[in-house]
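> only geometry, no sequence info:
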């Protein structure tokens, strides 16, 4: 008896709630399905299924085997996928979702290199700032900037980005430099619409103590580039990740505000539905991005 095949048949019978439907799903005959179940029961010296002309149910032994068998079959499928990924040339359409600003600044320059390495992969990239449902909207993978990771999907960290408070030198010359978090109350601020804490800016001091300030926002936007442009134009203070404003800080176009305080760092994550059955094209893209962002990320480098 092929025990792995017998387990596969058994799991399919339970999932499909019947021999005939399992046979159809497995592209075999009901007689073969019956034979596999009988042989498996004989091998284990126990009844797995209670069968009658009207219904079928699992015995206690069947319930125990069903959960373990599903896990075994998933492990086998994952092992096969890993081997296939290592030996098969990645190919096909790869649908990726990423935030707009990060996608333009830090992913777009990498796509030509990836395309040269994997010419059989056709990239389909959507830049959307809202959090998409990867499975529902048909994406293979998403890049997310998050503090909390992903509760519903598998995530692999690619890099980190610091969040900083900053403003244009012209604005600070006109309105003064804040010295304490409470000084932010006297300043014009530019709010980010997708911020989890809305207009309450939560700063951490060197000891990790939190200082929450309800700021006065003269503008809100759901786009980091718009917030950056407003700050560069002297409109007010912003907090944004260094992947967006790092170059401006190095060039002096923006100045760090309250440098003894910081906001919680953000992780740059590759998010995908499951480790199991991970396709070769997704696996090579994740490995590629991990390598490209290794070490100090480009937005925090001094050069």
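Nice, thanks for sending it over. Everything numeric in this text was worked out from a predicted model, so none of it was measured.

> quick one: least confident helix or strand in this protein?
The helix or strand of the chain with the poorest confidence is helix 60-87; it has a mean of 74 (mean pLDDT, DSSP states H and E).

> from residue 189, how far off is the closest residue in space to residue 167 that isn't next to it in sequence?
Leaving aside its sequence neighbours, residue 167 sits nearest to residue 237 (C-beta to C-beta, 6 or more residues apart in numbering; 4.7 Å). Any C-beta I mention is one placed from the backbone N, CA and C, and that applies to glycine too. Residue 237 sits 5 Å away from residue 189, taking C-beta to C-beta, to the nearest Å as the criterion.

> point out where the stretch 201-303 of the chain drops to low pLDDT.
For the stretch 201-303 of the chain, the stretches with pLDDT under 70 are 274-277, 302-303.

> hey, where'd the helices end up in it?
Assigned by DSSP state H, counting those that start in this stretch, the helices in the stretch 201-303 of the chain fall at 224-232, 242-251, 280-292.

> quick one: closest of those helices to residue 47.
Checking those against residue 47 by C-beta to C-beta gives helix 280-292 as the closest, at 41.8 Å.

> contact partners of that closest one?
When contacts are defined by C-beta atoms under 8 Å, 6 or more residues apart in numbering, helix 280-292 is touched by residues 84-85, 88-92, 94, 96, 110, 114, 117-118, 121, 140-141, 143, 156, 158, 270, 272.

> direction included, what does the helix or strand where residue 145 lies pair against?
Residue 145 is part of strand 141-146, with elements assigned from DSSP states H and E. Counting by DSSP bridges, the strands paired with strand 141-146 are strand 92-98 (parallel), strand 263-272 (antiparallel).

> flag every buried residue along it.
Applying a neighbour-count criterion of 16 or more other C-beta atoms under 10 Å, one finds 141-145 buried in strand 141-146.

> okay, buried residues for the helix or strand following it please.
The helix or strand immediately downstream of strand 141-146 is strand 154-167, counting by DSSP H and E. Neighbour-count burial for strand 154-167, counted by 16+ other C-beta under 10 Å, picks out 155, 158-167.

> identify the farthest-apart pair in those residues.
Across those (C-beta to C-beta), the longest gap, 32.8 Å, separates 155 and 167.

> quick revisit: can you check which residues contact both of residue 237 and residue 189?
residue 215.

> so where's the stretch 1-150 of the chain shaky on pLDDT?
53, 77-88, 148-150.

> against residue 114, how distant is the closest residue in space to residue 107 that isn't next to it in sequence?
Counting by C-beta to C-beta, 6+ apart, residue 107 lies nearest to residue 98, which is 5.7 Å off, once chain neighbours are set aside. Distance, residue 98 to residue 114, using C-beta to C-beta: 13 Å.

> do the same with residue 132
Between residue 132 and residue 114 the computed distance is 21 Å (C-beta to C-beta).

> what do you get for residue 190?
Distance, residue 190 to residue 114, using C-beta to C-beta: 34 Å.

> also residue 223?
From residue 223 to residue 114 the distance is 26 Å (C-beta to C-beta).

> looking only at neighbour counts, state which of these two leads.
With neighbours defined as other C-beta atoms under 10 Å, residue 223 and residue 114 compare such that residue 114 has more, 18 against 15.

> so the more buried one sits against residue 120, correct?
No: using C-beta atoms under 8 Å, residue 114 makes no contact with residue 120, being 11.8 Å away.

> quick one: least confident of the buried residues of strand 154-167?
The lowest pLDDT within the buried residues of strand 154-167 belongs to residue 155, with 85.

> so what's it closest to, chain neighbours aside?
The shortest distance from residue 155 to any non-neighbouring residue, by C-beta to C-beta, 6+ apart, is to residue 269 (4.4 Å).

> got a list of what the one you found touches?
Going by C-beta under 8 Å, 6+ apart, residue 269 touches 143-146, 149-150, 155-158.

> before we move on, what about residue 178?
Contact criterion C-beta under 8 Å, 6+ apart gives 184, 186-187, 237, 257-258 as the residues in contact with residue 178.

> contacts for stretch 3-12, please.
The contact list for stretch 3-12, computed with C-beta under 8 Å, 6+ apart, reads 22, 25-26, 32-33, 36-37, 39-40, 43, 48, 65-66, 69-70, 72-73, 76.

> change it to 7 Å
22, 25-26, 33, 36-37, 39-40, 48, 66, 69-70, 72-73 (C-beta atoms under 7 Å, 6 or more residues apart in numbering).
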